[in-house]
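Q: sequence and predicted structure, then a few things I'm wondering about:
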Amino acid sequence: EPEVTQTPSHQVTQMGQEVILRCVPISNHLYFYWYRQILGQKVEFLVSFYNNEISEKSEIFDDQFSVERPDGSNFTLKIRSTKLEDSAMYFCASSAQAAEAFFGQGTRLTVV
Amino acid sequence: AQSVTQLGSHVSVSEGALVLLRCNYSSSVPPYLFWYVQYPNQGLQLLLKYTTGATLVKGINGFEAEFKKSETSFHLTKPSAHMSDAAEYFCAVSDVHQGAQKLVFGQGTRLTINP
């Protein structure tokens, strides 16, 4: 069964450093997403991506965040200068047209 | 704006007992509704979804949910709990019927099964 894969499963980084979280969406899906879940809180939408551009982003997704689909298979989330409050589980998801989202296993980001 | 409220952050039932996890939503347009399950150290897995048509939807692992527009609810049930059902359950709503589906999640309900 096709699945969304995310790497790494756990990333520890120092405050102020840049991190890139990687995702391989399901191959025939058209829409890509990042969500995050701070420990003990709700899963929150960050951004959606379609046709090589952002289709929607939340208030959380400020200038420190960017997304890219560099090679037609990977979908990345970059945080330019990490803050302690960026520590969370980050989920990548993908969907086909008008269909449910399939989520990856998540990357746990710890900023120290 | 859409929102989802899950009543009860923790629910505990005995093995073999009925599971009922409550979800209420608000949406200005006919919603798409979802239940996702998260097992420990795993991602979110879709249990079931409601888009249009039949209001009682069946999902994986014996779960089902009923869309009740008048009550703005989408409660999740399973007639007989199994130990393997222990997990966190998330209700989500989307108001987008085409294109990218932004999901708004509830805060989650942790289900514990007692032997």
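A: Cool, the structure landed. Note that the structure is predicted; figures quoted are calculated from it, not measured.

Q: what mean pLDDT does the helix or strand residue A:20 falls within have?
A: Element membership for residue A:20, per DSSP states H and E: strand A:19-24. Strand A:19-24 shows a mean pLDDT of 97.

Q: helices and strands around that strand, which ones?
A: strand A:5-7, strand A:10-13, strand A:31-37, strand A:75-79, strand A:88-95, strand A:107-111 (3 or more Cβ pairs under 8 Å, 6 or more residues apart in numbering or on different chains; DSSP states H and E). Placement of C-beta: from N, CA and C, glycine included.

Q: so which of the ones you listed is nearest residue B:105?
A: strand A:31-37 (8.1 Å; Cβ to Cβ).

Q: and the next helix or strand past the closest one?
A: Next along from strand A:31-37, by DSSP H and E: strand A:43-50.

Q: what's the first helix or strand after that following strand?
A: Later in the chain than strand A:43-50, the nearest helix or strand by DSSP H and E is strand A:53-57.

Q: okay, now the sheet partners of that following strand, with direction.
A: The strands beside strand A:53-57 in its sheet (DSSP bridges) come out as strand A:43-50 (antiparallel).

Q: next one: the partner strand to chain centre, how far?
A: 8 Å (Cα atoms, centre = their mean, to the nearest Å).

Q: what does chain A put close to chain B?
A: A:4, A:6, A:31, A:33, A:35, A:41-45, A:48-50, A:55-56, A:91, A:93, A:95, A:97-106 (Cβ under 8 Å from any Cβ of the partner chain).

Q: buried among those residues? Make that a ChimeraX selection.
A: Here is the ChimeraX command that selects the buried residues among the residues of chain A next to chain B (16 or more other Cβ atoms under 10 Å in any protein chain shown):
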select /A:4,6,31,33,35,42,43,44,45,48,49,50,55,56,91,93,95,100,101,102,103,104,105,106
